[in-house]
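> model the following, please.
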Amino acid sequence: MSNTVLVTGGGGFIGTWVIRELLSRGLEPVAFDRQINAERWKSILGDDASKVQFVAGSLLDRDLLSRVVTHQHVSHIIHLAALLTPDCQQDPYVGCEVNIMGSVGLFELARINAGQIKGISYASSYAVYGPEADDNLNSLGLTAADNRPPSFYGAFKMAFDLIAEQYWRHFQIASVGIRPHVAYGPERTVGLTAGPSQAARAAAVGEPYTINYRGRVGYDYVEDVALAFVRSALETPPGSTVVDLPSQLATTEDFVEIIDRVVPGSGSRISVDGPEIPSNIPPKPHFISSLFPDWQPVTLEDGVRRTVEFYRKK
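Residues are numbered from 1 along each chain as shown. Sure, this is the predicted structure:
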């Protein structure tokens, strides 16, 4: 059997760590993305970056993806590529094209190549959870208990979870959707919630930093997130499964206190200033430990320590 794993979105933050995990297992990742961040690949993968085949393309290019799956003898798929919340809010049509139709295209490839593709994991999101603001809920005749996604991005993710269920129901295409909350760790540089990761980097090198949001959210260390995607693709059980990562809850101020414990004195150089972001907490979580009983998440303090050590070694 082939040991080639297609990683869509392999040029991104989580995708790069997924590739690192695959390489550590002696597998052959094929990264599919519009572009790679060469500096991030060099930082995280080191010399192993040269072992990774990169294919530049759009998730909507079904012919290209089909050739990759066929010619590279892809045996497993890890699907991370997506447009994120700002892009989906700005242009819901394009967001739907990429996040839903692009994902359906991948599952179609799995259906067409059912004897070849052995497992799929894909990125769902905590963005499927609400609640929305009370006025929005009331206008829809809903309550907070309905816990609807507050954005197009979350709605697209929820819709695809249902579509993945149909692929199992009708075609026996097994898959696992992974729902991280805020992924943090080395080389997280983009997005509103990159602040804590960048604050840990600043602490490691003795620089000041301002985290530009407040709020109590869940945090998942990036190596945990990568491991979840890799194990779920390689050990995909029958059915259409969606699991939540455990996401250690903390306020932004809590995160700063943890950084200060890891790097004593650094907390005085880190400030918090910005809007409060919502905490999308699952009302009935289905944690990954239900799929993998041996799952042991990295604690927030250990994750911060690993992030600091990563930058100190650079």
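
> just the CA trace of stretch 220-236, in CSV.
This file holds the C-alpha atoms of stretch 220-236, laid out as CSV (Å, rounded to 0.1, in the frame of the first residue of the first chain):
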residue,chain,number,x,y,z
ASP,A,220,-4.9,23.9,21.4
TYR,A,221,-1.1,23.4,21.0
VAL,A,222,-0.3,23.0,17.3
GLU,A,223,1.5,19.7,17.7
ASP,A,224,-1.7,18.3,19.3
VAL,A,225,-3.7,19.7,16.4
ALA,A,226,-1.3,18.2,13.8
LEU,A,227,-1.3,14.8,15.6
ALA,A,228,-5.2,14.8,15.6
PHE,A,229,-5.3,15.2,11.8
VAL,A,230,-2.6,12.7,11.1
ARG,A,231,-4.0,10.0,13.5
SER,A,232,-7.5,10.5,12.2
ALA,A,233,-6.5,10.1,8.6
LEU,A,234,-4.3,7.1,9.2
GLU,A,235,-6.8,5.4,11.7
THR,A,236,-10.1,6.6,10.2
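
> show me what counts as buried in it.
220-234, 236 (16 or more other Cβ atoms under 10 Å). Backbone N, C-alpha and C define where each C-beta goes, glycine included.

> please enumerate the strands of the stretch 51-200 of the chain.
Listed in chain order, the strands of the stretch 51-200 of the chain (DSSP state E, counting those that start in this stretch) span 53-56, 74-79, 119-123, 175-179, 182-184.

> take the ones you listed and write them to JSON lines, including distance to L106, mean pLDDT and mean neighbour count.
Shown next, in JSON lines, are the strands of the stretch 51-200 of the chain (distance: least, Cβ to Cβ, whole Å; pLDDT from 0 to 100; neighbours: other Cβ atoms under 10 Å):
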{"stretch": "strand 53-56", "distance to L106": "14", "mean pLDDT": "97", "mean neighbour count": "15"}
{"stretch": "strand 74-79", "distance to L106": "6", "mean pLDDT": "98", "mean neighbour count": "26"}
{"stretch": "strand 119-123", "distance to L106": "8", "mean pLDDT": "98", "mean neighbour count": "24"}
{"stretch": "strand 175-179", "distance to L106": "10", "mean pLDDT": "98", "mean neighbour count": "25"}
{"stretch": "strand 182-184", "distance to L106": "21", "mean pLDDT": "97", "mean neighbour count": "24"}
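
> which helix or strand contains the closest residue to A226 other than its chain neighbours?
Spatially, and ignoring its direct neighbours in sequence, A226 is nearest to W17 (3.9 Å; Cβ to Cβ, 6 or more residues apart in numbering). Applying DSSP states H and E as the criterion places W17 in helix 13-24.

> pLDDT on the helix or strand that that helix is followed by, on average?
On the C-terminal side of helix 13-24, the closest following helix or strand by DSSP H and E is strand 28-33. Across strand 28-33, the average pLDDT comes to 98.

> give me the contacts around strand 28-33.
Under the criterion Cβ atoms under 8 Å, 6 or more residues apart in numbering, residues 3-12, 15, 18-19, 22-23, 51-57, 59, 65, 68, 72, 74, 81 lie in contact with strand 28-33.

> and the angle from that strand to strand 74-79?
40 degrees (axes from the mean of the first three to the mean of the last three Cα atoms, to 10 degrees).

> among the buried residues of stretch 220-236, which lie within helices?
Of the positions in those, 222-234 sit in helices, assigned by DSSP state H.

> quick check on the nearest residue in space to A155 that is not next to it in sequence: phi, psi?
Counting by Cβ to Cβ, 6+ apart, A155 lies nearest to P149, which is 4.9 Å off, once chain neighbours are set aside. The phi/psi pair for P149 (degrees, to the nearest 10) reads phi -60, psi 140.

> got a list of what P149 touches?
A127, V128, Y129, G130, A155, K157, M158.
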